[in-house]
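**Q** Sequence isn't available, so here's the structure alone:
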């Protein structure tokens, strides 16, 4: 029994060390933040925050906004408009529009890789932006996977 308790403590603490949750009360979303990322201060208006990968030019940002309701979009129409905008001026290599979530990745005009997840609910959006040089794709893969899989709107 002591061995099981010991293993549980070790495994539990290693999982906790791998990520911390960032939850935003203003827009009711959460995301796991891998432990290798530095937390920058939350935005003054409380909509989200940036994270930094040491020795990297990656731009990692999560935020919320009331943009869909300000422009009188339905949630569905807003995501369709976002889908159209991404296809204009960027090279889209992957996209998925399902329910109230639009996931898209590809290359920006400056050659950087982007991976974005946009979720909408009742006139609000929450967004996960990961932008990074193609040369950093290998080290960003695990960050992208962990953050994208855990990004939830509550």
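**A** Okay, I see it. The model shown is predicted, which means the values in this text are computed figures rather than measured ones.
**Q** how far is the helix or strand hosting residue 138 from where the chain is centred?
**A** Using DSSP states H and E, the secondary-structure element containing residue 138 is helix 137-150. The chain centre lies 9 Å from the centre of helix 137-150; the measure is Cα atoms, centre = their mean, to the nearest Å.
**Q** try stretch 117-137
**A** Between the centre of stretch 117-137 and the centre of its host chain there is 5 Å, according to Cα atoms, centre = their mean.
**Q** next one: stretch 87-97
**A** 16 Å.
**Q** Over to stretch 106-126?
**A** Between the mean C-alpha location of stretch 106-126 and the chain-wide mean there is a distance of 8 Å, by Cα atoms, centre = their mean.
**Q** buried sites along it?
**A** Of the residues in stretch 106-126, those scored as buried under the neighbour-count criterion (16 or more other Cβ atoms under 10 Å) are 106, 112-121, 123-126. Where you see a C-beta, it was placed from the backbone N, CA and C, and this is true even at glycine.
**Q** Equivalent analysis for stretch 56-66, please.
**A** Of the residues in stretch 56-66, those buried under the neighbour-count criterion (16+ other Cβ under 10 Å) are 56, 58, 60-64.
**Q** Can you report the mean pLDDT over the residues of that stretch?
**A** Averaging pLDDT along stretch 56-66 gives 97.
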